[in-house]
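# Mind folding the following:
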Amino acid sequence: MESVITESARDAFDRIFHPRSVAIVGVSARGNVFGTGILSALKAIGFEGRLYAVNPKGGEYNGMKIYTGLSEIPEPIDFAIIAVPAERVPQALEECRLVGVAGAEILSAGFSELGTEAGSRLEQEIRDIASRGIRVVGPNCFGIYCPLSGLTLLPGPDLSRKSGPVGFVSQSGGMSIDFAHIGKWMGIGFSKVVSFGNGADLREIELLEYLGSDPETRVIAMYIEGVKDGRRFFRVLKEVAARKPVIVNKGGLTEAGARAVESHTASMGGSKRIWEAVLRQAGAVQVGDLWEMAQTCLAFSLLPPRVYGHITVAGGGGALGVSACDEAERYGLSIPPLDPEITEAILQHLPRPGSSAKNPIDAANPFVGPQAYREVFLNAAGDPRVDVQILIQLLHHYKSLSSAMGLTSPKEVAPYRQLADGMKEVADITGKPLMLVLPDFKQGMESMDIEEMIREARGIFLDRGIPVFDDLGDCLRALGHVSRYYAVRKARGL
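Got it, this is the predicted structure:
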């Protein structure tokens, strides 16, 4: 049975993620506190609604009035951010509830994660207040990032305002801000990111359930250290994963990791074997770390939802082709040899001697141009077995070419903009997506111009909807996750 979000719950979530008004409780006229920091971050990122600063001492900060209480604010408040010492949090939260605030995030630490009786008691007070009619994110968290409304995590004034299909739920604040920063340059667009910390009220289950029904979210990623209700989590995870990809990075699966988890968010990690079985049975995608999660989210967000069993790989360098064959098999993919007539047609566009077009396609020259690759991939896509195509482009070779020509930058000769246009055209004509691998083998200080060129090329390909990876293995692993997820759904008749 599909999880149901009630109308009142949905309204509360809407006011939390898209608030018209936000009160920051804990802003200091002297600055240098979390409350002032998150206020400055919200202004810097361009929050769309109205901001109100609150502190019992009053005063002003950078010309902004600081109200002594929420009841003084001249309009209803949708969302509150609480950043006061732990012992003052329950009072601040109760005031939020009494004036009708829909939800609050508590940035303050000093609760159950301390492992003390006093910390646990304070967290129970938060739980009790939440049960009387206000939703709570935290405590001990970095809060909420919603690009569409302009909410941002602590301390994230420079995150992207560009929305996308990926929702991320994280028990770790550091993981949430790191993932948001990685997404900005890697090409992952976010709908919502929530760092829920200790999870006194809203936790992984409620947030997963909400994102599962959220029309702004097509892909869900989660970093979990522990769950409170394993049976309910499994049920909701299975329901949501039947509709949307759910990518899970479970922290604390080793003995040492479990100890670290307990001191981090007061959670119990659980057995590695049990977790792997649960995620597999639920149809979720398990990843091992932050980078694998990011690469997998990129692939899910940009590739059409289908099974990808057979691929073509093209680029300069025979060893890269050998590596492709080995890696593809590891992730359940195959690189079929192309039919002789297709091979011959491809060879007409590659330099000879030295090239090979059997698949992998070895161009034997890093300077093969965009028009040639366009023809290569158009012909390769004519094989009905091919589901997706991968280009490996070694842009760093253009530095030596530009130097030989007396130019100052490899960007002056590397035709990556034309190549991106050609690859986009191929994908549109054939209906078979393309992926790009941009290795950077020169990362010394003397090669900063190469780094700049690769970053610019990445952005150009991403703008055309082509996912970009630094490493062929990462690309194939992410593609394997996508393919297996849709294969499982197909096998289950979903």
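
# Please count neighbours and contacts with C-alpha atoms only from this point.
OK.

# hang on, Asn32 in a helix?
No - if the criterion is DSSP: H, G, I helix; E, B strand; the rest coil, then Asn32 is coil and not within a helix.

# So it versus Asp387, what's the distance?
54 Å (Cα to Cα, to the nearest Å).

# what does Gly173 give?
38 Å.

# Give me the more crowded residue out of the two.
Gly173 (22 against 18; other Cα atoms under 10 Å).

# OK, contacts around Pro155?
37-38, 41, 142, 177 (Cα atoms under 8 Å, 6 or more residues apart in numbering).

# Name the SS class of it, please.
Strictly by three-state DSSP, Pro155 counts as coil.

# wait, isn't Asp78 in contact with Val99?
No - if you go by Cα atoms under 8 Å, Asp78 and Val99 don't touch, sitting 9.9 Å apart.

# More neighbours: the two, which one.
The neighbour count for Asp78 versus Val99, taken as other Cα under 10 Å, is higher for Asp78 (24 against 14).

# Helices along the stretch 151-300 of the chain, start to end?
173-186, 204-213, 230-241, 255-265, 272-282, 290-302 (DSSP state H, counting those that start in this stretch).

# For Phe377, see how far away the residue nearest to Asp289 when sequence neighbours are not counted is.
Leaving aside its sequence neighbours, Asp289 sits nearest to Asn249 (Cα to Cα, 6 or more residues apart in numbering; 6.2 Å). Applying Cα to Cα, the value for Asn249 to Phe377 is 35 Å.

# what about the two, which has more around it?
Between Asn249 and Phe377, counted using other Cα under 10 Å, Phe377 has the larger neighbour count: 25 against 19.

# what about that one, which helix or strand?
helix 370-380 (DSSP states H and E).

# next structured bit after that helix?
Taking DSSP H and E, what comes next after helix 370-380 is strand 388-392.

# Could you spell out the sheet neighbours of that next one, each with its direction?
strand 311-315 (parallel), strand 434-437 (parallel) (DSSP bridges).

# Which among those is found nearest to Arg203?
Arg203 lies closest, by Cα to Cα, to one member of those: strand 434-437, at 35.1 Å.

# next SSE after the closest one?
Trace forward from strand 434-437 with DSSP H and E and the next one is helix 448-463.

# name the helices or strands packed onto that next one?
helix 416-430, strand 468-469 (3 or more Cα pairs under 8 Å, 6 or more residues apart in numbering; DSSP states H and E).

# Most tightly packed of those?
strand 468-469 (a mean of 25; mean count of other Cα atoms under 10 Å).

# Tell me where the model's unsure across this protein.
The model of the chain has pLDDT under 70 over residues 1-4, 252-270, 317-321.

# residue farthest from the centroid of it?
In the chain, counting by Cα atoms, centre = their mean, Pro353 sits farthest out from the average C-alpha position, at 43.5 Å.

# now Gln124: how far from Ser112?
Distance from Gln124 to Ser112, by Cα to Cα: 9 Å.

# neighbour count winner among those two?
Ranked by neighbour count (other Cα under 10 Å), Gln124 and Ser112 place Ser112 first, with 25 against 17.

# which stretches of the stretch 1-150 of the chain form helices?
Using DSSP H, counting those that start in this stretch, helices in the stretch 1-150 of the chain cover 7-17, 34-45, 89-98, 117-131.

# contacting residues for Met338?
To be clear, residue 338 is Leu; Met isn't right here. 357-359, 380, 383.

# what's the closest of the residues you listed to Ile24?
Nearest to Ile24 among those, with distances taken as Cα to Cα, is Ala380, at 57.1 Å.

# what's around that closest one, how many residues?
28.

# Compute the number of surrounding residues for the residue nearest to it when sequence neighbours are not counted.
Spatial nearest neighbour of Ala380, excluding adjacent residues (Cα to Cα, 6+ apart): Ile342 at 6.5 Å. Close neighbours of Ile342, defined as other Cα under 10 Å, add up to 19.

# Same check on Ser8?
Ser8 has 9 nearby residues by other Cα under 10 Å.

# got it, and Ser170?
28.

# which ones are touching the nearest residue to Val246 once chain neighbours are set aside?
Using Cα to Cα, 6+ apart and skipping residues adjacent in sequence, the residue nearest Val246 is Ile220, 4.7 Å away. Applying Cα under 8 Å, 6+ apart to Ile220 gives the contacts 166-169, 208, 211-212, 244-247.
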